[in-house]
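Engineer: how would this look folded up:
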Amino acid sequence: MSSTPKVLVKEKVGPSGIEALKDAGFEVDLGLDWDDETFVAKLPEYDGVLIRSATTFTPELIERATNLKVIGRAGVGVDNVDIPAATKRGILVVNAPQSNVVTAAEHTVALMMSLARNIPRANAGMHAGKWERSKLSGFELYGKTLGVIGFGRIGQLVAERAQGLSMNVIAYDPYVSAERYKELGVEKAEDSDAIYAVADVITIHLPKTPETTGWLGADAFSKVKEGVRILNVARGGLVDEAALKDALDAGRVGGAALDVFPSEPVTEHVLQGYDNVILTPHLGASTAEANDRAGFQAAEQIVAALTGGTVTTAVNAPAVGKEDLEVLAPFVPLAERLGRIAVELAGGSSVERIEVEALGGIGERDVRPLSLAVLRGVLDGRTEEPVNAVNAPGIAKERGIEVSETTRATARDFTDLLRVTVVSGGERHRVVGTTLGHLNRPHLLEAWGQRFNLQLEGNLVILRYADQPGMVGRIGALLGDRGVNIEQAAVGYHQDREGTRGAHAVMVITTDTTVSEDVLKATLALDGVADGHAVTL
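Structural biologist: As a prediction, this is how the structure comes out:
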């Protein structure tokens, strides 16, 4: 049997991707027109497969790929590949996460300039034989303020281009360090309200989550500067389209440009026919360069995977020895949950630094998987792209977030301890945990400076309140009245060496349902409750 790697290009990609595979000395077959039967029959011949979005790798298909070592996805997402099944078989899954960032940023700027100068209306009028110069006076972007909500890769590229147009830029993203804002010359907003108050144009670049859905809605539009222009080239649903229509009708919003929609494709839309609205059919990533770049980047990763090179975009590749992974595996879920809790306690300020401390037996191992899991907990759902064990460090770096690891072979009171500290706004927010029992259940041992022992699962509520009689009962009664069932509860309080208790105690609760924002607000409104957060683990 030949030792030359054999790669199948199953879908159409740019020529640069195919050339990269051939230049590496691989045997390359094109299967663009293969039917399913042919594909399944020939799949066992290949070491690697390059796909886009039309090919779905199910567990059954992966099981048939007896020689497959790497699947390359020429694009950002990997929803069409069953990652657990590929991982179980030892198959790397790689993608091209940066292939469309420039294209999306440029489309955002193109829409902004088109809105400013009424270009679509002017073009349509000229093609219809109309000369409507007097009706189409626009506005200059020079000296105007662009508000960027979500300051990741694409948001930062948009800001850079807006500065080239001599615009002032203000951005909001609590998961970007203050130092990164300074490096880019962008004003840091403490919250999105600060953007609404001053921005002439607002562009949103958030991930799509339950928390971000409808971010620009009726409440936001009631706070914006009158006449503001709204842009969405990120995810459908980030802008509440019904609320946007109302704001346009009322003159509160002066114009909008949408490239993405809650459901696609779209042929009928509530804003069709509005002269001050531009609608484009999800063109943010649609350029020849982006398509070619996606194929080339995915091909590069396939070459690295099959030649022993450095794979940088794998979504399922641990780079740690097997023995270390076996010891650390039970602590990975704990690490991710501690990261999620710590960043929630940090509130909405800029995350500057994440410190991971592994104590005891785990401190004698390569703890990178734990640090990566902490990063996933901190960043997941808060960035434009999905966060995984491979891209997490890069995402943190581009946002100016430092990550440090500390290990020690001994731990006080427990065999192993994991400490996670998020430094945000100059303040340190530390949580501590471990795993217990033969099932290695994750337990929270410390938060907000107080100690307790509570199994981490489901939905978590952390409350700080006045240490006085009756508080636990009042909090429990309110949650019960709102239909929230408490599964576990633990209380910690400060006590100095003389035995004097502090003014506040901390209670950690797990519940059988998600605690909504309204229920949390009602809890925080109780007399004596000082602060609190709800976290879904």
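
Engineer: Ala218 - how many residues pack around it?
Structural biologist: Using other C-beta atoms under 10 Å, Ala218 has 13 neighbouring residues. The way it works is simple: take the backbone N, C-alpha and C, and place the C-beta from them, glycine included.

Engineer: can you check Lys223 too?
Structural biologist: Number of residues near Lys223 (other C-beta under 10 Å) recorded here: 13.

Engineer: which secondary structure element of the protein has the lowest mean pLDDT?
Structural biologist: Ranking every helix and strand in the chain by mean pLDDT, DSSP states H and E puts helix 322-328 at the bottom, with a mean of 79.

Engineer: report the distance from that one to the chain centre.
Structural biologist: Relative to its parent chain, helix 322-328 has a centroid offset of 27 Å by C-alpha atoms, centre = their mean, to the nearest Å.

Engineer: helix or strand next in line after it, which one?
Structural biologist: Note on helix 322-328: by DSSP states H and E, the next helix or strand toward the C-terminus is helix 332-345.

Engineer: what residues of the least confident helix or strand of the chain count as buried?
Structural biologist: Buried residues in helix 322-328, counting neighbours by 16 or more other C-beta atoms under 10 Å, are found at 324, 328.

Engineer: only C-alpha atoms, please: export it in CSV.
Structural biologist: Extracted C-alpha coordinates of helix 322-328, given in CSV (Å, rounded to 0.1, in the frame of the first residue of the first chain):
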residue,chain,number,x,y,z
LYS,A,322,-2.4,10.4,27.4
GLU,A,323,-1.4,9.8,31.0
ASP,A,324,-1.9,13.4,31.9
LEU,A,325,-5.3,13.5,30.1
GLU,A,326,-6.5,10.5,32.1
VAL,A,327,-5.7,12.2,35.4
LEU,A,328,-7.0,15.6,34.4
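
Engineer: and it, what does it pack against?
Structural biologist: Contacts defined by 3 or more C-beta pairs under 8 Å, 6 or more residues apart in numbering; DSSP states H and E place helix 322-328 against helix 368-379.

Engineer: quick one: mean pLDDT over the following helix or strand past the helix it packs on.
Structural biologist: Next along the chain after helix 368-379, taking DSSP H and E as the criterion, comes helix 392-398. Helix 392-398 comes out with an average pLDDT of 86.

Engineer: can you pull the buried residues of helix 392-398?
Structural biologist: For helix 392-398, burial by neighbour count (16+ other C-beta under 10 Å) applies to 392, 395-396.

Engineer: could you do stretch 59-69 as well?
Structural biologist: Within stretch 59-69, the residues that count as buried by 16+ other C-beta under 10 Å are 61-62, 65, 68-69.

Engineer: same check on stretch 87-105?
Structural biologist: Here stretch 87-105 shows 87, 91-105 as buried, counting by 16+ other C-beta under 10 Å.

Engineer: least confident of these?
Structural biologist: In terms of pLDDT, Thr87 ranks lowest among the buried residues of stretch 87-105, with 81.

Engineer: list the contacts for the spatially most central residue of the chain?
Structural biologist: Centroid check for the chain by C-alpha atoms, centre = their mean gives Thr383 as the closest residue, at 2.7 Å. Counting by C-beta atoms under 8 Å, 6 or more residues apart in numbering, Thr383 makes contact with 152, 175, 207, 395.

Engineer: may I have the phi/psi pair for it?
Structural biologist: Main-chain torsions, Thr383, degrees, to the nearest 10: phi -130, psi 160.

Engineer: for the stretch 51-200 of the chain, which segments count as strands?
Structural biologist: 70-73, 92-94, 145-149, 168-172, 187-188 (DSSP state E, counting those that start in this stretch).

Engineer: if you average pLDDT over the shortest one, what comes out?
Structural biologist: Read that as strand 187-188. Per-residue pLDDT over strand 187-188 has a mean of 97.

Engineer: how far off centre is stretch 111-121?
Structural biologist: What separates the centre of stretch 111-121 from the centre of its chain is 30 Å, taken as C-alpha atoms, centre = their mean.

Engineer: poorly predicted segments of the stretch 401-537 of the chain, please.
Structural biologist: Scanning the stretch 401-537 of the chain for pLDDT under 70 picks out the ranges 494-501.

Engineer: hmm, I typed the wrong one, I wanted the stretch 251-400 of the chain.
Structural biologist: Using pLDDT under 70, the stretch 251-400 of the chain drops low at 317-322, 390.

Engineer: excluding chain neighbours, give the residue nearest to Leu463 in space.
Structural biologist: Spatial nearest neighbour of Leu463, excluding adjacent residues (C-beta to C-beta, 6 or more residues apart in numbering): Gly532 at 4.1 Å.

Engineer: Gly377 too?
Structural biologist: Gly339 (2.6 Å).

Engineer: I'd like to know how many residues surround that neighbour.
Structural biologist: 26.

Engineer: got the domain ranges for this protein?
Structural biologist: Per the record, the chain has its domains at 6-98+289-307, 101-279, 319-447, 456-537, by automatic domain parsing.

Engineer: ok, which stretches of the stretch 151-300 of the chain are helices?
Structural biologist: Using DSSP state H, counting those that start in this stretch, the helices found in the stretch 151-300 of the chain span residues 153-164, 178-184, 192-198, 218-221, 241-249, 288-307.

Engineer: and these: which comes nearest Arg376?
Structural biologist: Distance to Arg376, taken as C-beta to C-beta, is lowest for helix 153-164 among the helices of the stretch 151-300 of the chain, at 17.3 Å.

Engineer: pull the residues that contact the closest one.
Structural biologist: With C-beta under 8 Å, 6+ apart, helix 153-164 has contacts from 98, 101-102, 104-106, 108-109, 112, 141, 146, 148-149, 151, 169, 171, 173, 184-186, 203, 205, 233-234, 384-385, 398.

Engineer: if any of these are buried, put those into a PyMOL selection.
Structural biologist: The PyMOL command for the buried members of the contacts of helix 153-164 (criterion: 16+ other C-beta under 10 Å) is given here:
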select buried, resi 98+101+102+104+105+106+108+109+112+141+146+148+149+151+169+171+173+184+186+203+205+233+234+384+385
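
Engineer: once you drop chain neighbours, what's closest to Gly381?
Structural biologist: Here the nearest residue to Gly381 in space, its sequence neighbours aside, is Thr209; by C-beta to C-beta, 6+ apart that works out to 4.6 Å.

Engineer: how much space between that neighbour and Trp34?
Structural biologist: For Thr209, the distance to Trp34 equals 37 Å [C-beta to C-beta, to the nearest Å].

Engineer: mind giving me CSV with the helices of the stretch 151-300 of the chain and columns for distance to Gly255?
Structural biologist: Output for the helices of the stretch 151-300 of the chain, formatted as CSV (distance: least, C-beta to C-beta, whole Å):
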stretch, distance to Gly255
helix 153-164, 17
helix 178-184, 26
helix 192-198, 16
helix 218-221, 13
helix 241-249, 8
helix 288-307, 26
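
Engineer: my guess is Glu300 contacts Ala20, does it?
Structural biologist: Yes: Glu300 is within contact range of Ala20, at 5.9 Å (criterion: C-beta atoms under 8 Å).

Engineer: what's near enough to touch Thr523?
Structural biologist: By C-beta under 8 Å, 6+ apart, the contact list for Thr523 reads 461, 463, 475, 478-479, 529, 532.

Engineer: looking at those residues, which is nearest Ala243?
Structural biologist: When the contacts of Thr523 are compared for distance to Ala243 (C-beta to C-beta), Gly532 wins out at 28.6 Å.
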